[in-house]
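> Just a sequence and a predicted model for now, questions to come.
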Amino acid sequence: MPTYPIAGKTIFITGAAGGIGAATARTLHSRGANVVLADWGIDATSALARELAGDRTLALPVDVTDTVALAEAVDRTADRFGGLDVVFANAGIGADPPATIATIEEATFERVVEVDLLGVWRTVRAALPHVIAARGHVLVTASVYAYFNGMANAPYAMSKAGVEQFGRALHAELGIHGASAGVLYPGWVHTPIAGPAFGSHDITTRMREIAFPSLLGKAITPARVADAVARGIENRSARVMVPRRWVPFSALRGVLNPVTDLIAERHPELRQLLRRLEESAGATGKSRQTDTPR
């Protein structure tokens, strides 16, 4: 039996307009939870709320970089459902097209960190008093990029490493209140944010094929991640790794990281691809980029 049953709990999900967030909302709702769909894409979350139907859904327009908007969304959640038990800080973006640190636009780099790292902090901070009062659970979305080399994806990898540390600290600190926290580590998932590595950008697609050979480079469905999220919440898991084939790499990161860094540095085709990526940024040395949501 789960130690923390989902049925009847109120769960606040950021990044709920699609991908992992939307899939998780469907799974948690099917298990009897009240789900709050928080995202700046209100049209998509409203459509998802209509799909789920009933009185156990609430769609809210939320920008995770806006502290005031988050506070208001949490208040509306508590007013609607009488409290808040679980927060799933999942909103995330990536740069599209990918770029090296030397060529990425400053605004793009900082925007990714603002959403993927500070957005998690702001989301959790807004919801934490309610979660503590309910002796509930916090789940934050990191990635295997929390410990894998982030070449051509540095702001994303940097943010996910920070999210991991944030979640670990939360897990230790919330124990004194009878609450809990966990970190979600998805591998490759079929969502828009993974598009450049799976065909929409030929250079980074080839880089993924080299750096993540065999099963490590295979993408899974958002629904599979959602099932792992549900189990993680029910078990108050400190770590949720999906797919499980990544577990040994996390456990052995102290040994494997220097090896994979050396491969990234010396692999002749990877070096050539990185050079092509920089050249594609244009004569100015800067690339124009847009946000790609998870």
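Received it, and whenever you're ready, just let me know what you need.
> Check the separation of the first and last residues in stretch 239-250.
11 Å (C-alpha to C-alpha, to the nearest Å).
> Give me the residues contacting that stretch.
By C-beta atoms under 8 Å, 6 or more residues apart in numbering, the list of residues contacting stretch 239-250 from outside reads 139, 144, 147-148, 182-187, 215-216, 220, 224-225, 228-229, 231-232, 256. Where C-beta positions appear, they are placed from N, C-alpha and C, glycine not excepted.
> Show me which helix runs longest in this structure.
helix 154-174 (DSSP state H).
> other SSEs contacting the following helix or strand past that one?
Downstream of helix 154-174, the first helix or strand assigned by DSSP states H and E is strand 180-186. Judged by 3 or more C-beta pairs under 8 Å, 6 or more residues apart in numbering; DSSP states H and E, strand 180-186 is in contact with strand 137-141, helix 154-174, helix 222-234, strand 239-242.
> quick one: buried residues of the longest one?
Taking 16 or more other C-beta atoms under 10 Å as the basis for neighbour counts, the residues of helix 154-174 that come out buried are 154-164, 166-168, 170-171, 174.
> In stretch 2-10, which residues are buried?
So, applying 16+ other C-beta under 10 Å, buried residues of stretch 2-10: Tyr4, Ile6, Lys9, Thr10.
> just to revisit the earlier point, what average pLDDT does the longest helix of the chain get?
Computed over helix 154-174, the mean pLDDT rounds to 98.
> Please apply the same query to stretch 211-225.
95.
> Over to that stretch now: how far is its first residue from its last?
End to end - C-alpha to C-alpha - stretch 211-225 spans 22 Å.
> what does that stretch rub up against?
Stretch 211-225 has contacts (C-beta under 8 Å, 6+ apart) with 19-20, 22-24, 26-27, 149, 151, 184, 186-191, 194, 198, 208-209, 242-243, 245-246, 249, 260, 263-264, 270.
> OK, contacts around Ala264?
Asn149, Met151, Ala211, Leu270.
> Surely Arg208 touches Gly199?
No: using C-beta atoms under 8 Å, Arg208 makes no contact with Gly199, being 10.0 Å away.
> List the buried residues for stretch 192-212?
Those would be 193-198, 201, 203-208, 211-212, for stretch 192-212 by 16+ other C-beta under 10 Å.
> same question but for stretch 61-79, I mixed them up
Val62, Asp63, Val64, Ala69, Leu70, Ala73, Val74, Thr77, Ala78.
> How about stretch 101-111?
Neighbour-count burial for stretch 101-111, counted by 16+ other C-beta under 10 Å, picks out Thr103, Ile104, Thr108, Phe109, Arg111.
> and the angle for the helix or strand hosting the third one with helix 154-174?
Spelled out, that is Thr108. Secondary structure assignment for Thr108, by DSSP H and E: helix 106-113. In terms of direction (axes from the mean of the first three to the mean of the last three C-alpha atoms, to 10 degrees), helix 106-113 departs from helix 154-174 by 30 degrees.
> list the helices and strands helix 106-113 packs on?
Taking 3+ C-beta pairs under 8 Å, 6+ apart as the contact cut, helix 106-113 packs with strand 93-96, helix 154-174, strand 290-293.
> could you redo the last one with a cut-off of 7 Å?
strand 93-96, helix 154-174 (3 or more C-beta pairs under 7 Å, 6 or more residues apart in numbering; DSSP states H and E).
> Tell me the gap between the helix or strand following that helix and the middle of its chain.
Next in sequence after helix 106-113, counting helices and strands by DSSP H and E, comes helix 119-134. Averaging C-alpha positions (C-alpha atoms, centre = their mean, to the nearest Å) puts helix 119-134 16 Å from its chain's average.
> would you put the C-alpha positions of helix 119-134 in CSV?
In CSV, the C-alpha atoms belonging to helix 119-134 read as follows (Å, rounded to 0.1, in the frame of the first residue of the first chain):
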residue,chain,number,x,y,z
GLY,A,119,11.0,29.2,-11.3
VAL,A,120,11.2,26.0,-9.3
TRP,A,121,12.4,28.0,-6.2
ARG,A,122,9.6,30.5,-6.6
THR,A,123,6.9,27.8,-7.1
VAL,A,124,8.0,25.8,-4.1
ARG,A,125,8.4,28.9,-1.9
ALA,A,126,4.8,30.0,-2.7
ALA,A,127,3.3,26.6,-1.9
LEU,A,128,5.5,25.6,1.0
PRO,A,129,3.4,26.9,3.9
HIS,A,130,0.4,24.9,2.7
VAL,A,131,2.5,21.8,2.1
ILE,A,132,4.1,21.9,5.5
ALA,A,133,0.7,22.5,7.1
ALA,A,134,-0.7,19.4,5.3
